[in-house]
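Asker: Prediction below, plus the sequence it came from.
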Amino acid sequence: MDRSPTTAVRYGSRYGSGPTTPPSRLCPACTAPLRSGRARFCSGACKQRAYRLRQRAAAAPDLPALAAALRRLGDLVAHTVYECSTCDERYLGERRCPDCHRFCRALGPGGACPDCDRPVLLTELLGQEVTD
């Protein structure tokens, strides 16, 4: 029996032929299109990277390393929560209290609360003790 290239193959992807439609699934590590329908990652390197990222997420955050990285990027002041010793008001990224005109004490890295827009310490969100 003579098969021509136009003959449809019943299990095309099983025999290594490429997909005829654009891939709808992407690799979660690098967003490259996946080669087969059963693949989760495009390569072993992406699989290993995803595993390492999952393991790193399970580990406790290292606050001194975070502060060093922000210092290196020049964003430490913008991500630091300060507290005025006179009026006990917290500020994000402001070293001086605009009401008392005094310098504030740095409490640590933090950010603005998405609900109330007030400065929140990272240690308060993680449930860790604040150590000086």
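Answerer: All right, it came through fine.
Asker: C-alpha from now on. contacts and neighbour counts both.
Answerer: Will do.
Asker: report the longest helix in the chain, please.
Answerer: helix 44-58 (DSSP state H).
Asker: Please work out which residues outside the top strand by length along the chain touch it.
Answerer: Counting residues, the longest strand found in the chain (DSSP state E) is strand 105-112. The contact list for strand 105-112 (Cα atoms under 8 Å, 6 or more residues apart in numbering) reads 63, 67, 76, 79-85, 92, 95, 118-123.
Asker: which of the residues you listed count as buried?
Answerer: 67, 76, 79-84, 92, 95, 119-123 (16 or more other Cα atoms under 10 Å).
Asker: Tell me which two in these are the farthest apart.
Answerer: Ala67 and Cys84 (20.9 Å; Cα to Cα).
Asker: so what are the domain limits for this protein?
Answerer: Using automatic domain parsing, the domains assigned to the chain come out as 23-58, 63-126.
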